[in-house]
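Enquirer: no sequence on hand, only this structure:
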DNA sequence: GTCTATAATGAGATAGAC
DNA sequence: GTCTATCTCATTATAGAC
């Protein structure tokens, strides 16, 4: 029985690797550091991951699963502003939990070229999901925008969401600072705010109310 | 005479280093590659730059000068939409010429920590200049926006301007593709378009007319 | 100023004992 | 599965001849 109940070393490695990657970027973290943080020997690390790139790939698998779950979760109560604010909160939570994949995407691709296609796919599905949410808001009279405007908006939301942390220059082992997440949230809201109808304004108010992470 | 008219080797090094940095990022370019591209020996490279970081610093000095020239150039004809489109074109030209400093700012800081402060200073002055241009547009009836809206707008413009190339995943030795610059331009225009007055729309039309780089 | 070595480092990765 | 010991390799940097 319980063939899968093994040591858990592999999981521990991924856990500390993600923490280190989020703090400093996986490309700036050595295998020696990961092993030390996981409290195992470096040689043992290579028993589980024959290449450093395989760590990146395993972490990405977790990220992809989490992203699609957030992106494609149905809006709980279509037409209710609070539901869209909730949806947005899911994205910000994800962004923080896997900030390495937002901030260091280019370096991760360089480290594990196999991620290139996978990243594109996840990004495309994520953007498509956001596009549908805006169309949904429009259908419910919360937003007024042309298809072309929504298109450009989704792109800009993706860019600002992906890079606001880098822009803020978040560094090293700093802890989660609620003000920082709030900054990103405000910048993203500023992107779609001009397209909200009078009743749509409630989305931003609901987001502000549910505020922190 | 002409004490300054020396071999030009130093200038040649900076020239090829910038080209390589723009193509692949300075942190992914070795001193051996730079020397080879400059057609000098690696030892000779170290005669001019004792540390690789000094190359980054010298390039940044060029970038800073160019940035401030673009940012703080006066609007030729205040109130004329074409003049603002022209101003915007200056920024996109700069972005392309020094795209390494937009795309790889984090890695450049890691390579030459002394750049940290300098980058912040240039960024702050650049944003302040853009803020003033929007205030100017508003004063001339081309834009309608509150101070808070302009504040968030400037931030988002800075983020999208800085990272749209990374978002597009421009890679390796690819040549300048006009479509790519046009993409960035459209995304930036989409940011401020909602705040333009009827007469302000002409800014976007003028930018489209002057199109390419 | 420019070159030919060559040192010094640091990181990823492997072999094989336990 | 885990460890110790070691290898390989790329890259930055230096010494010193020309």
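Expert: Sure thing, it's come through. Keep in mind that this is a model prediction, so the values were computed, not measured. Residues are numbered from 1 along each chain as shown, chains lettered A, B, ... in the order given.
Enquirer: so for the strand or helix carrying residue A:188, mean pLDDT?
Expert: Residue A:188 is located in helix A:178-192, with elements delineated by DSSP states H and E. For helix A:178-192, mean pLDDT rounds to 92.
Enquirer: do the helix or strand following it and chain B meet?
Expert: Next helix or strand after helix A:178-192 toward the C-terminus (DSSP H and E): helix A:201-210. No. Contact of helix A:201-210 with chain B (Cβ under 8 Å from any Cβ of the partner chain) is absent, the minimum separation being 12.0 Å. Just so you know, the C-beta spots here come from the backbone N, C-alpha and C atoms, and that holds for glycine as well.
Enquirer: what do you get for stretch A:149-162?
Expert: Yes. On the criterion Cβ under 8 Å from any Cβ, stretch A:149-162 is in touch with chain B at A:149, A:152-153, A:155-156, A:158-160, A:162.
Enquirer: what mean pLDDT does that stretch have?
Expert: On average, stretch A:149-162 scores 96.
Enquirer: rewinding a little: name the nearest of the residues of stretch A:149-162 next to chain B relative to residue B:191.
Expert: When the residues of stretch A:149-162 next to chain B are ranked by distance to residue B:191 (Cβ to Cβ), residue A:156 comes first, at 6.3 Å.
Enquirer: so that closest one sits right up against residue B:190, yeah?
Expert: Yes. Using Cβ atoms under 8 Å, residue A:156 is in contact with residue B:190, at 6.2 Å.
Enquirer: settle it for me: which of these two has more neighbours?
Expert: More crowded of residue A:156 and residue B:190, by other Cβ atoms under 10 Å in any protein chain shown: residue A:156, with 23 against 19.
Enquirer: that one belongs to a helix, doesn't it?
Expert: Yes. Under DSSP: H, G, I helix; E, B strand; the rest coil, residue A:156 falls within a helix.
Enquirer: check contacts around it.
Expert: By Cβ atoms under 8 Å, 6 or more residues apart in numbering or on different chains, the contact list for residue A:156 reads A:191, B:156, B:160, B:187, B:190-191.
Enquirer: so which of those also contact DNA strand D?
Expert: Here nothing survives when those are matched to DNA strand D using Cβ under 7 Å from any atom of the strand.
Enquirer: in CSV: these, plus distance to residue B:205.
Expert: CSV is the format used below for the contacts of residue A:156 (distance: Cβ to Cβ, whole Å):
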residue, distance to residue B:205
A:191, 23
B:156, 22
B:160, 20
B:187, 17
B:190, 14
B:191, 17
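Enquirer: okay, and for chain A, where does confidence drop off?
Expert: A:1-6, A:170-176, A:211-213 (pLDDT under 70).
Enquirer: picking up where we left off before, against which helices or strands is the helix holding residue A:188 packed?
Expert: If you count contacts as 3 or more Cβ pairs under 8 Å, 6 or more residues apart in numbering or on different chains; DSSP states H and E, helix A:178-192 packs onto helix A:81-97, helix A:147-168, helix A:201-210, helix B:147-168.
Enquirer: for DNA strand C, which of those helices is the nearest?
Expert: Closest approach to DNA strand C among those (Cβ to the nearest atom of the strand): helix A:147-168, 21.4 Å.
Enquirer: burial of residue A:51, as a residue count?
Expert: Residues near residue A:51, counting by other Cβ under 10 Å: 12.
Enquirer: roughly how far apart are it and residue B:69?
Expert: 46 Å (Cβ to Cβ, to the nearest Å).
Enquirer: repeat for residue A:126
Expert: 39 Å.
Enquirer: these two: which is more packed in?
Expert: residue A:126 (21 against 11).
Enquirer: got a list of what residue A:126 touches?
Expert: Residues near residue A:126 by Cβ under 8 Å, 6+ apart: A:67-68, A:71, A:158.
Enquirer: ok, 10 Å please
Expert: A:64, A:67-68, A:70-72, A:91, A:94, A:154, A:158, A:161 (Cβ atoms under 10 Å, 6 or more residues apart in numbering or on different chains).
Enquirer: now do the shared contacts for residue A:156 and residue B:190.
Expert: Residues touching both residue A:156 and residue B:190 by Cβ under 10 Å, 6+ apart: A:191, B:160.
Enquirer: the nearest residue to residue A:72 once chain neighbours are set aside: neighbour count?
Expert: Counting by Cβ to Cβ, 6 or more residues apart in numbering or on different chains, residue A:72 lies nearest to residue A:129, which is 5.3 Å off, once chain neighbours are set aside. When neighbours are defined as other Cβ under 10 Å, residue A:129 has 18 of them.
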